[in-house]
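J.: coords please:
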Amino acid sequence: MSTVKVLNMAGAEVGTVELNDAIFGIEPNEAVVHEVVKNHLANCRQGTQSALTRAEVSGGGRKPWRQKGTGHARQGSTRAPQWTHGGIVFAPKPRSYRYVLNKKVRRLALKSVLSAKAAEGQLVVIDAIRQSEIKTAAFRKFLSAVKVDGKAVVVTPAVDETIVKSARNLPGVLTTPAAQLNVYDIVNAKYLVVDQAALAKIEEVYA
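T.: Numbers count the residues shown, from 1 in each chain. All right, here's what the predicted structure looks like:
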């Protein structure tokens with residue numbers, strides 16, 4: 001088992017913790033991670049795009065000219081797709097892009113990204129992430145103290161409104177409870193900042 005330093009919110013080392021190799025020590029499977037990220041982005045799509053077919057465009061009820069003898073190509077409506085202001089061929093309509101991945105695939109992807117963060121030294125473990133009041137400046141100071149200088153996912157044991165509201169105005173900083181860890185969020189961030197109690201919860205659920 002590999003070990004990582006445990007810091008307090010002032011950035012001082014207060015101990016070490018052993019990481020479970022079944023979660024933080026596997027060989028990352030990039031193909032599976034790619035598949036899960038693709039699935040997440042597809043599920044986020046609204047699918048509300050819409051255009052009008054020739055049946056839905058206003059007008060065009062009268063045949064523009066007689067069938068034969070004009071020298072023109074035959075036309076039945078001025079709202080056919082080849083006409084200006086005509087309908088759209090195979091017009092896009094509202095639809096859902098959602099699809100479901102196997103649970104084992106999702107778990108493997110999460111273990112892969114957690115292992116990658118641990119291997120790259122971008123996993124920061126904090127003994128306890130706590131704030132007595134909602135204060136963005138104090139949360140920014142905490143991140144600076146633990147040398148987190150880029151996009152980060154801050155993981156707490158449960159939803160903590162004080163932490164959520166303190167961090168939400170910081171660009172690139174996202175907070176999440178341990179039960180709702182998301183592969184896309186972790187891949188999109190440079191650092192994973194984890195409360196020690198949340199780390200124990202992650203290992204309990206995914207080991």
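
J.: quick one, phi/psi of the residue nearest the centre of the chain?
T.: In the chain, the centroid-proximal residue (CA atoms, centre = their mean) is Tyr184; its distance is 4.1 Å. Per-residue torsions, Tyr184: phi -60, psi -40 (degrees, to the nearest 10).

J.: hang on, Asn8 packs against Val125?
T.: No: contact criterion CB atoms under 8 Å: Asn8 and Val125 do not qualify, at 10.6 Å. The C-beta positions use only the backbone N, C-alpha and C, and glycine is treated the same way.

J.: So which of the two has more stuff around it?
T.: Set Asn8 next to Val125 and count neighbours by other CB atoms under 10 Å: Val125 wins out with 23 against 16.

J.: so what are the domain limits for the protein?
T.: For the chain, the domain assignment from automatic domain parsing gives the residue ranges 3-40+101-206, 46-96.

J.: Helices along this structure, start to end?
T.: Using DSSP state H, the helices of the chain run over 21-24, 30-44, 103-119, 136-145, 161-167, 183-188, 196-206.

J.: buried sites along the last one?
T.: To tie it back to what came earlier, the one meant is helix 196-206. Neighbour-count burial for helix 196-206 flags 196-199, 201-203, 206 (criterion: 16 or more other CB atoms under 10 Å).

J.: quick one: which of those is nearest Thr70?
T.: Minimum distance to Thr70 across those is 73.5 Å, recorded for Tyr206 (CB to CB).
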